[in-house]
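Engineer: Attaching a predicted model along with its sequence, questions to come.
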Amino acid sequence: RVPLHAVISPLPPNPTNIMADDEEPQFEQANAGSSLDYPQQASACRKGGFLLIKGHPCKIVDMSTSKTGKHGHAKCKFTGTDIFDGSKHEMIESSTHNVTIPNVSRVELSLLDIDDEGFMSLMDDGGNTRDDLKVPDTEAGQEITKLHESGEQLKVTILKSMGKEMAIDVKKEAE
């Protein structure tokens, strides 16, 4: 018989997997911790809130919770309208499961001009300008064009979610 300690011997330390003290961890990107979406329990969602349904950021217009049988789980049924194109979407999820909530932000920018291709020249309160947003093909877009042509000073509301941006409202700027 061979003694056990003779068969199992500790391996010598491997210098390639020892991290040096001066080595810093590498991070791919720095975006101030913001993300496009976050998880939330389905039962915590409310009418008027936002929800990602089949990849569409939606505003919840109707929500109902149904109890199921003896060993089943309660289900939440959501009906929402896409915040960009107004299309209707539905989803059913167990109330204890997580659903995806889009981060939605809105910002008001001053309209400086609209070029020949329909791009708006917008300025924020800090004086920074951008020319990458087109006048949308919506009622709000028609209103923006009409008020701009009348020579009014305008504030345009921009809605941003899931990497998409769109002008959703316009109002006359207070003098």
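Structural biologist: Looks like it arrived, so ask away.
Engineer: Just the strands from the protein, written as ranges.
Structural biologist: For the chain, applying DSSP state E gives strands covering 37-41, 50-53, 56-66, 75-82, 88-94, 98-102, 104-114, 119-123, 129-134, 154-161, 164-172.
Engineer: CA atoms only for the second one - export them in PDB, please.
Structural biologist: As requested, the backbone C-alpha atoms of strand 50-53 are provided in PDB (Å, rounded to 0.1, in the frame of the first residue of the first chain):
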ATOM      1  CA  PHE A  50     -43.200  52.700 -18.500                       C
ATOM      2  CA  LEU A  51     -42.500  49.100 -19.600                       C
ATOM      3  CA  LEU A  52     -40.500  47.500 -22.400                       C
ATOM      4  CA  ILE A  53     -42.800  45.300 -24.400                       C
END
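Engineer: P102 is in contact with L36, correct?
Structural biologist: Yes. Look at L36 against P102 with Cβ atoms under 8 Å: they come within range, at 6.7 Å. (Each C-beta comes from the backbone N, C-alpha and C, glycine too.)
Engineer: Comparing the two, which residue is more hemmed in?
Structural biologist: P102 (22 against 13; other Cβ atoms under 10 Å).
Engineer: that older thread, give the residues shared as contacts by L36 and P102.
Structural biologist: 161-162 (Cβ atoms under 8 Å, 6 or more residues apart in numbering).
Engineer: circling back to that earlier point, a markdown table for the strands of the chain, including mean pLDDT and distance to H148?
Structural biologist: Shown next, in a markdown table, are the strands of the chain (pLDDT from 0 to 100; distance: least, Cβ to Cβ, whole Å):
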| stretch | mean pLDDT | distance to H148 |
| --- | --- | --- |
| strand 37-41 | 91 | 34 |
| strand 50-53 | 94 | 30 |
| strand 56-66 | 93 | 27 |
| strand 75-82 | 94 | 26 |
| strand 88-94 | 94 | 31 |
| strand 98-102 | 93 | 30 |
| strand 104-114 | 92 | 6 |
| strand 119-123 | 92 | 9 |
| strand 129-134 | 91 | 13 |
| strand 154-161 | 92 | 6 |
| strand 164-172 | 91 | 9 |
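Engineer: Among the ones you listed, which comes closest to T145?
Structural biologist: strand 104-114 (6.8 Å; Cβ to Cβ).
Engineer: I'm done for today, thanks for sticking with me.
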